[in-house]
Structure formats: C-alpha cells, structure tokens
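[1] Quick check, what structure comes out for this input:
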Amino acid sequence: MRHKKGNRKLSKPTDQRIALLRSLSLSLITHSKIKTTDVRAKEAQKYVERLVTLAKKGDLHSRRLALKLLPNKDAIASLFNSIAKNYTDKNGGYTRIVKLGFRKGDSTPVSLLEFS
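    The predicted structure is shown next:
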C-alpha cells in the first residue's frame with residue numbers, strides 16, 4: 001500500500017515548492033551542507049537521496065532522470081563524478097539532519113542538512 005507516500009506541501013503552490021526543493025538540493029550539492037527549517041530539511045533530504053541513488057547507477061538514463069529533477073548540468077556532473085563515488089557500498093542514508101535549535105525571530109526549529 002502506498003498510504004502517506006506523498007510529499008509535504010510546505011505552504012506553497014506546486015511550482016514554488018518544486019523550485020524550493022531544487023534550490024535546496026542544489027545548495028546542498030555545491031556546499032555539502034545547508035541550514036534550513038526542520039520540515040524543509042526533511043523534504044530536501046528525500047529529494048537529494050533520490051538524486052544520489054540515480055547518480056550511483058551512473059548510466060545515461062539515470063543522468064537524464066536526474067537532470068529532470070535538478071536541471072543544472074554542473075551540479076549533476078559533480079553529483080555523478082564525485083559525490084556518488086563516496087556511497088557505492090551504502091544503500092540509502094546518504095544525508096543526515098542535525099537539529100540546531102530554534103530560530104530567534106519566530107521560534108521555528110532549525111536543522112543542518114549535510115552529507116554523511
């Protein structure tokens with residue numbers, strides 16, 4: 001059964017939500033860690049884990065699927081060439097979330113999302 005397998009809406013319309021996930025995953029791939037809210041970190045984690053799994057396969061079809069999810073050729077090239085090589089023997093769990101506390105202005109829980 002596929003109950004509750006969808007994604008969180010993040011209080012955004014679909015196009016803005018996809019743009020947010022793409023930008024968070026692009027920042028994570030380029031900087032290897034990002035600081036964001038807990039809910040956004042959990043959704044970005046699912047998105048990036050899917051990209052790393054595609055990069056581990058390494059074939060042309062996987063590269064094209066990854067470019068569909070994250071349309072940035074430089075980021076996909078670094079994902080396929082360097083990041084995926086670190087996780088060849090690992091089946092999932094490529095990223096981790098470290099809770100940092102609460103943001104001062106609105107007391108939103110903040111986390112650090114990084115490659116493990």
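[2] Moving C-terminal from the helix ranked longest in the chain, which element do we reach first?
    Ranked by residue count, the top helix of the chain under DSSP state H comes out as helix 38-57. Using DSSP states H and E, the helix or strand that follows helix 38-57 towards the C-terminus is helix 60-69.
[3] tell me which residues of that following helix are tucked away?
    62-63, 66, 69 (16 or more other C-beta atoms under 10 Å). The way it works is simple: take the backbone N, C-alpha and C, and place the C-beta from them, glycine included.
[4] try stretch 20-32
    Buried residues in stretch 20-32 (16+ other C-beta under 10 Å): 20-22, 24-29.
[5] ok, back up a step: what helices or strands is the longest helix of the chain leaning on?
    helix 14-31, strand 33-37, helix 60-69, strand 95-102, strand 109-115 (3 or more C-beta pairs under 8 Å, 6 or more residues apart in numbering; DSSP states H and E).
[6] how far does the third one sit from the chain's center?
    Right, the one you point to is helix 60-69. Here the centre of helix 60-69 is set off from its chain's centre by 15 Å, with C-alpha atoms, centre = their mean, to the nearest Å.
[7] pLDDT of that helix, averaged?
    Averaged across helix 60-69, pLDDT comes to 97.
[8] For that helix, which helices and strands make contact with it?
    helix 38-57, helix 73-78.
[9] Out of the ones you listed, the one nearest residue 84 is which?
    Proximity to residue 84, assessed across these by C-beta to C-beta, is greatest for helix 38-57 (3.7 Å).
[10] Tell me what angle that closest one forms with helix 14-31.
    Helix 38-57 runs at 70 degrees relative to helix 14-31, counting by axes from the mean of the first three to the mean of the last three C-alpha atoms, to 10 degrees.
[11] what's stretch 83-102 in contact with?
    28-29, 35, 38, 41-42, 45, 48-49, 52-53, 55-56, 58, 108-116 (C-beta atoms under 8 Å, 6 or more residues apart in numbering).
[12] How about stretch 42-58?
    7-8, 10, 21-22, 24-25, 28-29, 34, 36, 62-63, 65-66, 69-70, 76, 79-80, 83-84, 87-88, 92-95, 97, 113.
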